[in-house]
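Asker: would you be able to build a 3D model of this:
(one chain, ligands or ions: 2)
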Amino acid sequence: MSEHLTTVAGVAVDTRHFIGGERIAATETFTDVSPIDGTPLGEIARGTGTDAAAAVAAAKAAFPGWAATPRAERARLLEAVADGVEKRLEELAVVETHDNGALLRSHRRGVMPRVAHNFRFFADRLRTLGHEDFETCGHTQHVSWDPAGPCVLITPWNAPLLLATWKAAPALAAGGTVILKPSEWSPLTASLLADIATAAGLPPGVLNVVQGYGPEVGAPLVAHPEVRRVSFTGSVPTGRRIAASAAAHLTPLSLELGGKSPLLVFADADLELAVDLAVEQYDNAGQVCLAATRILVEEPVAAEFGRRLAERAARLRQGDPRDAATDLGPLVHPRQLEKVDGFVRRALAAGARAVVGGHAAGGQPAGGHPAGGRADGRDPGDGRGAAREGGLYYPPTLLTDVAQDSEIVQEEVFGPVLTLQTFTTEDEAVHLANDTRFGLAATLATGDHERARRVTAQLVAGTVWVNCFYVRDLRAPFGGSRHSGVGREGGDWSFDFYCDLKTTVTAPNGWTDHG
Ligand SMILES: NC(=O)C1=CN([C@@H]2O[C@H](COP(=O)(O)OP(=O)(O)OC[C@H]3O[C@@H](n4cnc5c(N)ncnc54)[C@H](O)[C@@H]3O)[C@@H](O)[C@H]2O)C=CC1
Ligand SMILES: O=C(O)/C=C/C=C(\O)C(=O)O
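Answerer: Ligands and ions are numbered 1, 2, ... in the order given. The predicted structure follows:
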């Protein structure tokens, strides 16, 4: 086997960059480690500014041909990519789970089918994307969606391939060429995507993948003057750096950043449904930007809701994400574990009370790498425990007695940590819900349709879910307000972003037709 191939659970993954249709080795590499048990997964190309420049050059060279490719042909090729994803769905699911520690059952049932859907949806949308015409005093105003050029896509580790393709599919459909830079904590499925795109017949240079650390290869990509779009999902500080850098060349950008979303539970809600919605927030060990981690409950039902939620959270099974019975896998990286543990420790020191979890055994951080354990040092009753598996396991945690202006209520933790607060009036609920610097999403549990309408109208959030959570329709705009982001992607909003819209105004009777 080539020194540039690694094998993860039987699946061969190329660890080099993919630039201009070629695999390009790097002079330096970094070690990718599985959060499940600390197993090294491969030596991955550690990109540099030179690699970034080569990738942009390849994307620029491929752009005229791809932009001129008829829409129907671009759509056909994207559907061929979707077919390839479906054909290799099990391999993608297994590799992603080893790489980022998220549940294998979620990758199989939800995430990888959505990856294929990302391509099918935007292929389909491309076919029906309109050309609008307006009439003004006999003048025709024709609006067209012109491909913009090379697009840099920088993606995180919590949903690596889902988020990469949520950006790549519309960028490619729009006639742009792509340079994808996945997170250094989850680099593998992006490389498999390059193989799938090649097998599907995507021309060289249309999709490029560069691997490596953000400051070393992501930053020069964003700063490159030939790049026409930057789309980023990740943390607020990195988003700020990217925006500042893109400003130098006025490169249009789309930022999907952090969240600190509320779940508002009104006394008229179906309480069991509200508890189900709250428990869902522990999915992916809380490493979800949309997670409603601030639970706000109306006083009369707060005690009962809190009791039921604590009971359910304590029953969640933590362990190996490959096991179908596991509810919570590990955190992605030792740094993430440290970060989550730090937030909880400081919250407890500030007077918060852990109703569930939150207590690191013997004053030690909760878990370790590669042979850590559960925060409370105990295996769950079934013996399939984090301690036995090793890894970066942090227990589902529920904190009460938290002040609205405290760090734990105001800052994104990105781990399985929920806070519980109460309110007495609808106005107070809205005030608390909006009282952070974020505005990504909000979830309501209420039995009153009028109330849902009233409250929703006052919430600052890119998406509001009423009596449900994470129901996605790719036709809808998706993104965040305030520090949760800039711009919206999804449906035609994605085409708005990835295209240069052009209006052509033609005068009446303006032709001198000698033919
Ligand atoms: N909104 C979301 O979905 C996500 C939010 N986060 C938040 O961010 C925190 C830290 O996670 P990180 O992985 O460190 O996030 P990050 O924002 O630093 O990394 C995300 C991506 O940006 C790249 N990057 C980093 N610095 C860059 C730069 N200067 N120029 C270009 N690209 C750069 C990284 O290589 C990675 O691909 C988490 O604890 C969580 O709070 C993290 C991941 C996703
Ligand atoms: O469904 C999407 O398009 C985006 C989902 C985003 C996340 O789950 C995340 O970033 O955590």
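
Asker: tell me which helix or strand of this protein sits lowest on mean pLDDT?
Answerer: Least confident helix or strand, the chain: helix 386-389 with a mean of 38, by mean pLDDT, DSSP states H and E.

Asker: who in this protein is up against ligand 1?
Answerer: Counting by Cβ under 6 Å from any ligand atom, the residues of the chain close to ligand 1 are 154-158, 181, 183-184, 213-215, 218-219, 222, 233-235, 238, 241-242, 256-258, 289, 336, 339, 412, 414. Quick note: C-beta positions are derived from backbone N, CA and C, even for glycine.

Asker: are any of these buried, and which?
Answerer: Buried members of the residues of the chain next to ligand 1, scored by 16 or more other Cβ atoms under 10 Å, are 154-158, 181, 183-184, 214, 218-219, 222, 233-235, 238, 241-242, 256-258, 289, 336, 412, 414.

Asker: those residues in helices, which ones?
Answerer: Counted as lying in helices by DSSP state H, out of these, are Ala219, Val222, Thr238, Arg241, Ile242, Gln336.

Asker: how about CSV for the residues you listed, with pLDDT added?
Answerer: Output for these, formatted as CSV (pLDDT from 0 to 100):
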residue, pLDDT
Ala219, 98
Val222, 98
Thr238, 98
Arg241, 98
Ile242, 98
Gln336, 96
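
Asker: pick out the most distant pair among those.
Answerer: With Cβ to Cβ as the measure, no two of those lie farther apart than Val222 and Gln336, at 23.3 Å.

Asker: which non-adjacent residue is nearest the residue of the stretch 401-515 of the chain found nearest ligand 1?
Answerer: Nearest residue of the stretch 401-515 of the chain to ligand 1, counting by Cβ to the nearest ligand atom: Phe414, 3.7 Å away. In this structure, Phe414 finds its nearest non-sequential neighbour in Gln287, 5.3 Å apart by Cβ to Cβ, 6 or more residues apart in numbering.

Asker: report pLDDT for the one you found.
Answerer: Turning to Gln287, the model gives it a pLDDT of 98.

Asker: next, count neighbours for it.
Answerer: Neighbour count of Gln287, defined by other Cβ atoms under 10 Å: 23.

Asker: again, but for the one 4 residues further on
Answerer: Other residues lying near Ala291 total 30 when counted by other Cβ under 10 Å.

Asker: what about the residue of the stretch 401-515 of the chain closest to ligand 1, distance to Gly258?
Answerer: With distances taken as Cβ to Cβ, to the nearest Å, Phe414 is found 8 Å from Gly258.

Asker: what touches both of these two?
Answerer: Contact criterion Cβ atoms under 8 Å, 6 or more residues apart in numbering; residues shared by Phe414 and Gly258: Cys289.

Asker: one step back: mind checking which of the buried ones among the residues of the chain next to ligand 1 land in strands?
Answerer: Of the positions in these, Ile154, Lys181, Thr233, Glu256 sit in strands, assigned by DSSP state E.

Asker: take the residues you listed and write them to a markdown table, including pLDDT and distance to Ala93.
Answerer: Listed next are those as a markdown table, based on pLDDT from 0 to 100; distance: Cβ to Cβ, whole Å:
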| residue | pLDDT | distance to Ala93 |
| --- | --- | --- |
| Ile154 | 98 | 23 |
| Lys181 | 99 | 22 |
| Thr233 | 98 | 21 |
| Glu256 | 98 | 23 |
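
Asker: where do the strands of the stretch 101-250 of the chain begin and end?
Answerer: 132-136, 139-147, 150-154, 177-181, 207-209, 229-233 (DSSP state E, counting those that start in this stretch).

Asker: as a markdown table, these with distance to Lys502 would be great.
Answerer: As requested, the strands of the stretch 101-250 of the chain are exported to a markdown table (distance: least, Cβ to Cβ, whole Å):
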| stretch | distance to Lys502 |
| --- | --- |
| strand 132-136 | 11 |
| strand 139-147 | 5 |
| strand 150-154 | 18 |
| strand 177-181 | 19 |
| strand 207-209 | 25 |
| strand 229-233 | 16 |
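
Asker: so Gly239 makes contact with Leu257?
Answerer: Yes: the pair Gly239 / Leu257 is scored as a contact, 4.6 Å apart, by Cβ atoms under 8 Å.

Asker: shared neighbours, the two?
Answerer: Joint contacts of Gly239 and Leu257 (Cβ under 8 Å, 6+ apart) are Gly485.

Asker: which parts of the stretch 251-400 of the chain sit against ligand 2?
Answerer: Counting by Cβ under 6 Å from any ligand atom, the stretch 251-400 of the chain sits next to ligand 2 at Val288, Cys289, Leu290.

Asker: what's near enough to touch the closest residue to the last one other than its chain neighbours?
Answerer: This means Leu290. If the residues on either side of it in the chain are set aside, Leu290 comes closest to Ala441, at 4.7 Å by Cβ to Cβ, 6+ apart. Contact partners of Ala441, counting by Cβ under 8 Å, 6+ apart, are Gly259, Ser261, Leu290, Ala292, Ala461, Gly462, Thr463, Val464, Trp465, Gly480.

Asker: quick one: the fourth one and Val332, what's the gap?
Answerer: Noted for Ala292: a distance of 20 Å to Val332, by Cβ to Cβ.

Asker: can you give me every residue that contacts Asp195?
Answerer: Taking Cβ under 8 Å, 6+ apart as the contact definition, Asp195 lies against Asp14.

Asker: picking that back up, ok, the residue nearest to Phe414 touching Gln336?
Answerer: Yes: using Cβ under 8 Å, Gln287 makes contact with Gln336 at a distance of 7.4 Å.

Asker: and Ala325, how many residues sit next to it?
Answerer: Counted with other Cβ under 10 Å, Ala325 comes out at 10.

Asker: just to revisit the earlier point, overlap in contacts, Gln287 and Gln336.
Answerer: Listed as contacting both Gln287 and Gln336 by Cβ under 8 Å, 6+ apart are Phe414, Gly415.

Asker: run through who's touching the helix or strand harbouring Leu77.
Answerer: Here Leu77, judged by DSSP states H and E, is contained in helix 71-87. Helix 71-87 has contacts (Cβ under 8 Å, 6+ apart) with 66, 69, 92, 112-113, 115-117, 119-120, 122-124, 126-127, 129, 165, 169, 172-173, 175, 193, 196-197, 199-202.

Asker: after that helix, next one along is what?
Answerer: Using DSSP H and E, the helix or strand that follows helix 71-87 in sequence is helix 89-100.

Asker: quick one: contacts of that following helix?
Answerer: Applying Cβ under 8 Å, 6+ apart, the contact partners of helix 89-100 are 8-11, 13, 32, 34-36, 39, 41, 85, 102-104, 107-108, 111-113, 115-116, 157-158, 160-161, 185-189, 192, 321-322, 329, 332.

Asker: of these, select the buried ones using a ChimeraX command.
Answerer: Per 16+ other Cβ under 10 Å, the buried members of the contacts of helix 89-100 correspond to this ChimeraX selection:
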select :8,11,13,32,34,35,36,41,85,102,103,104,107,108,111,112,115,116,157,158,160,161,185,186,187,188,189,192,321,322,329,332
